[in-house]
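**Q** Okay, here's the prediction I keep looking at, along with the sequence it came from:
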Amino acid sequence: MKDINKVVWSVLLLTVLCMIVVQISRIGEIHWLFPQQEIKMKKQKFLPTLSATDQGEHLKILVLGDEESLKNNPSILHLEKSLELGKLSYSYINSLDQVSVSPYTIVVILDEKKAIAEEKGIRNFVHAGGRLFVGLRFIHPSLNDVMGIEQVDGYQQNDLNGITFTKPFAPIYPDVKDVDGRIPNNSLELTLQNDSEVYVESEGTPILWYHSYGKGKVAYWNGTMLQGKGSRGLLLQSLSLLPPRFVSGRLEMSVFFIDDFPAPFPDGDHENITPTFDRSVGSFFKNIWWPDMKNLQDKYDLKYTHAFIGTYRADQKMKTEQLITQNQAKFLFYGRDALQNGDELSLHGYNHQSLVTKNEPIAKDFGYIPWENQEQMENATSEVMKMHEHLFPNYKVKTYVPPSNVMNTTGLKALKRSAPSIDTISSLYLGGTDQGSFIQEFGYDENAGYFHLPRVSSGYAPDLYEQFSYADALANAGILSHFIHPDDLLDPYRNRGYKWPDLNVELDRHLKKIYETYPFLKGVTAQEAKQLYTSYIQSEMKVDYQEDQIILYGKNLVSPSVFLIRLNDNETMESGSFKGYTVASINGFHGLYTIKTYKGKTIVPIKRGES
């Protein structure tokens, strides 16, 4: 009898407990019973600092001119940023008279007046074996033979648009037939000597070529595209073809943002979803889209940085409690799953209204309602931050993604006061500011007090311009910073005519191409990218170019470190895994390799005269 009573009481107790759990879940508070554990980021590791023999050749990049004369030349900024990301540097020279001639010394011309004044020095320097990089076209017939030019007939009447690679030298760049004028060049109308090798054309006109003169070599850019930010990778890679060998550093990081997720996206039917999948929008995202995104994540070792919003309403009437009630089911399901996958949750906003007032610029076609003042921004941001703290009490939001990548001074101030845990802003890398876009460089902005981690490209099916953009950032320093929205597939402009799963197939195709080309890319969250970038930019790379080997070493190099090595004189390296490092050749590009090393000093043997 006692045993029966025990069983009865046990069943009753279990029933009561189940009822309590059900009631708690109904009001959305079951997550308090099993709170999300605090996620701690791993500290950046470093290679041991070792000194090499300091023998052999060392690369020198010298800009003809001085800081004052070139301060208004946009190309010098892009050269500086490009070299900085590649762990290289430059210095100024006023004359070539005192320059030691070496195939590892590159003189850069960005000022035509200075070049004309140094005509004799340029001729002698190149003839004796130096390397010359002409980053901006100019007319000076007396130097035509050095530059590989047969005849110049003046400047083209109109800008040339688009780009065609006649010789592959930088991976995964597409040819772009530019109908929008987004890749313009103001160029010379000319004919070249027969021994000039053309690498880039635009509308049939040579834009980049190489020419040997005496013992030296010249690279000539017949255009103005190096004055644009979106060609920094091309700048670095065209420099790398001049010396016998060229080594640059690589961040090799892949940051992938999903904007508007989690978010209160509406349920119901949609013409791009329901007829094909026989389910509602909400069911589709939960049971098809999200599993597909996680499959891509596993396939390419991605880490997603999710940018959430509280409401799609344009006003600020919803308070914290209402936001919690509306969002808790979706946010807890997707948010917990994302964090379990190693992802990051970042803030996209209280709503999808960019943080600008009526006195600050924003594109009219967004149809957004300007905020009245900073206080209104702060109050709304505080509401959505409280919602997040309630749902994820042990997780601090540290990254902010501006809605439509638009932000201004008022918004920065409001964000600082209402979301003090945020230390990183991720907007856009490329574009103009006249329509309110918040354009960034990678790195800390001491004035605003934030780390800037811009996004370079976007879309499930990137168009040719987006492909060019991500190819250039990868060519510069191994950066993939890409974003999508879940509802891109619902928008006729953003989905570019594709439906699911075709959009998924397109994204997979682009990622496959990228990761096959750069196999050492590492998936990181925005916060992990901030840590990696900060450590990388403070490190010091050194390279000794010796007769039969290259020695890589430095100070405070991140572990592992990745380098891009280009061999130009019919030399090769052995691919594969070796003691402490791995070498991968880049398919379709003779003499181009990436190397990942865990050693403080890496000695890479070079083979001569092999194809």
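**A** The structure has been received and is ready for your questions. Numbers count the residues shown, from 1 in each chain.

**Q** so who does Ser283 touch?
**A** Ser283 sits next to no residue when contact means CB atoms under 8 Å, 6 or more residues apart in numbering. Where you see a C-beta, it was placed from the backbone N, CA and C, and this is true even at glycine.

**Q** Can you pull the phi/psi pair for it?
**A** Here is the backbone geometry of Ser283 (degrees, to the nearest 10): phi -70, psi -40.

**Q** before we move on, what about Gln326?
**A** Residue torsions, per degrees, to the nearest 10, at Gln326 are phi -70, psi -40.

**Q** and the closest residue to it other than its chain neighbours, what pLDDT?
**A** Spatial nearest neighbour of Gln326, excluding adjacent residues (CB to CB, 6 or more residues apart in numbering): Pro264 at 5.6 Å. At Pro264, the model reports a pLDDT of 91.

**Q** how far out from the middle of the chain is stretch 209-229?
**A** 26 Å (CA atoms, centre = their mean, to the nearest Å).

**Q** Ok, stretch 554-570 next?
**A** Centroid displacement of stretch 554-570 relative to its chain, using CA atoms, centre = their mean, is 19 Å.

**Q** For that stretch, list the C-alpha coordinates in CSV.
**A** Listed in CSV are the C-alpha atoms of stretch 554-570, where the atom choice follows Å, rounded to 0.1, in the frame of the first residue of the first chain:
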residue,chain,number,x,y,z
GLY,A,554,58.6,39.2,-37.4
LYS,A,555,57.5,40.7,-34.1
ASN,A,556,54.1,39.8,-32.4
LEU,A,557,52.9,37.9,-35.5
VAL,A,558,49.5,36.3,-34.9
SER,A,559,49.3,32.6,-34.7
PRO,A,560,48.8,31.2,-37.2
SER,A,561,50.1,33.7,-39.6
VAL,A,562,49.2,33.7,-43.3
PHE,A,563,51.3,35.2,-46.2
LEU,A,564,50.8,35.5,-49.9
ILE,A,565,54.0,34.7,-51.9
ARG,A,566,54.4,35.6,-55.6
LEU,A,567,57.3,34.2,-57.6
ASN,A,568,57.9,36.0,-60.9
ASP,A,569,61.1,34.5,-62.3
ASN,A,570,59.9,31.0,-63.3
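
**Q** Show the subsequent helix or strand relative to the longest strand along the chain.
**A** Ranked by residue count and defined by DSSP state E, the top strand of the chain is strand 205-213. Counting by DSSP states H and E, the next helix or strand C-terminal to strand 205-213 is strand 216-221.

**Q** could you say what helices and strands that following strand packs with?
**A** helix 119-127, strand 131-134, helix 144-147, strand 205-213, helix 232-240 (3 or more CB pairs under 8 Å, 6 or more residues apart in numbering; DSSP states H and E).

**Q** Each with direction, which strands does that strand pair with?
**A** strand 131-134 (parallel), strand 205-213 (antiparallel) (DSSP bridges).

**Q** which one of those strands lies closest to Leu339?
**A** strand 205-213 (46.4 Å; CB to CB).

**Q** related to what we said a few turns ago, between the helices and strands packed on strand 216-221, which gets nearest to Pro184?
**A** strand 205-213 (11.1 Å).

**Q** in that closest one, what's buried?
**A** Residues of strand 205-213 classed as buried by neighbour count (16 or more other CB atoms under 10 Å): Thr205, Pro206, Ile207, Leu208, Trp209, Tyr210, His211, Tyr213.

**Q** Next, the residue nearest to Gln326: phi, psi?
**A** Backbone geometry at Pro264, expressed as degrees, to the nearest 10, gives phi -80, psi 60.

**Q** One more: Ile551?
**A** phi -110, psi 120.

**Q** thought the residue nearest to Gln326 was touching Ala329?
**A** No. Pro264 lies out of contact with Ala329 (CB atoms under 8 Å); the separation is 10.0 Å.

**Q** Settle it for me: which of the two has more neighbours?
**A** Taking other CB atoms under 10 Å, Pro264 and Ala329 do not tie; Pro264 has more neighbours (19 against 13).

**Q** Would you mind measuring from that one to Val401?
**A** As defined by CB to CB, to the nearest Å, Pro264 lies at a distance of 17 Å from Val401.

**Q** With distance to Gly181 and mean pLDDT as extra columns, can I get the helices and strands packed on strand 216-221 in CSV?
**A** Converted to CSV, the helices and strands packed on strand 216-221 look like this (distance: least, CB to CB, whole Å; pLDDT from 0 to 100):
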stretch, distance to Gly181, mean pLDDT
helix 119-127, 33, 97
strand 131-134, 24, 98
helix 144-147, 27, 98
strand 205-213, 15, 98
helix 232-240, 18, 98
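
**Q** can I get the ones you listed in TSV with distance to Asn587?
**A** TSV is the format used below for the helices and strands packed on strand 216-221 (distance: least, CB to CB, whole Å):
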stretch	distance to Asn587
helix 119-127	33
strand 131-134	27
helix 144-147	33
strand 205-213	22
helix 232-240	16
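
**Q** and of the ones you listed, who's closest to Val108?
**A** Comparing those by CB to CB, strand 131-134 comes nearest, at 4.7 Å.

**Q** Check the contact between Glu506 and Tyr460; I expect there is one.
**A** Yes. With contact defined as CB under 8 Å, Glu506 counts as touching Tyr460 (5.6 Å).

**Q** what do those two both touch?
**A** Joint contacts of Glu506 and Tyr460 (CB under 8 Å, 6+ apart) are Tyr498.

**Q** Looking at those two, which is more packed in?
**A** Tyr460 (21 against 17).

**Q** re earlier: so what's the residue nearest to Gln326 up against?
**A** With contact taken as CB under 8 Å, 6+ apart, Pro264 is in contact with Ile309, Gly310, Thr311, Tyr312, Gln326, Asn327, Lys330.

**Q** Quick check: the gap between it and Asn158.
**A** For Pro264, the distance to Asn158 equals 49 Å [CB to CB].

**Q** first vs last residue of stretch 242-255, how far apart are they?
**A** Stretch 242-255 has its terminal residues 32 Å apart, counting by CA to CA, to the nearest Å.

**Q** quick one: low-confidence parts of the stretch 251-400 of the chain?
**A** Under the criterion pLDDT under 70, no range of the stretch 251-400 of the chain is flagged.

**Q** What segments of it are strands?
**A** Using DSSP state E, counting those that start in this stretch, the strands of the stretch 251-400 of the chain run over 253-259, 304-309, 344-349, 399-400.

**Q** The last one packs against which elements?
**A** Which is strand 399-400. strand 344-349, strand 424-425.

**Q** circling back to that earlier point, so which of the helices and strands packed on strand 216-221 is nearest Ala338?
**A** Taking CB to CB, helix 232-240 is the member of the helices and strands packed on strand 216-221 nearest to Ala338, at 30.9 Å.

**Q** next helix or strand past that closest one?
**A** Trace forward from helix 232-240 with DSSP H and E and the next one is strand 245-250.

**Q** With just CA atoms, put that following strand into CSV.
**A** Coordinates of the C-alpha atoms in strand 245-250 are reproduced here as CSV (Å, rounded to 0.1, in the frame of the first residue of the first chain):
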residue,chain,number,x,y,z
ARG,A,245,59.6,37.7,-55.5
PHE,A,246,57.0,39.4,-53.4
VAL,A,247,55.5,38.5,-49.9
SER,A,248,52.6,40.3,-48.3
GLY,A,249,50.8,39.6,-45.0
ARG,A,250,47.2,38.2,-44.8
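
**Q** Now do it: distance to the chain's middle.
**A** That offset, for strand 245-250, works out to 18 Å (CA atoms, centre = their mean).

**Q** Relative to that strand, what are the paired strands and their orientations?
**A** strand 561-567 (antiparallel).
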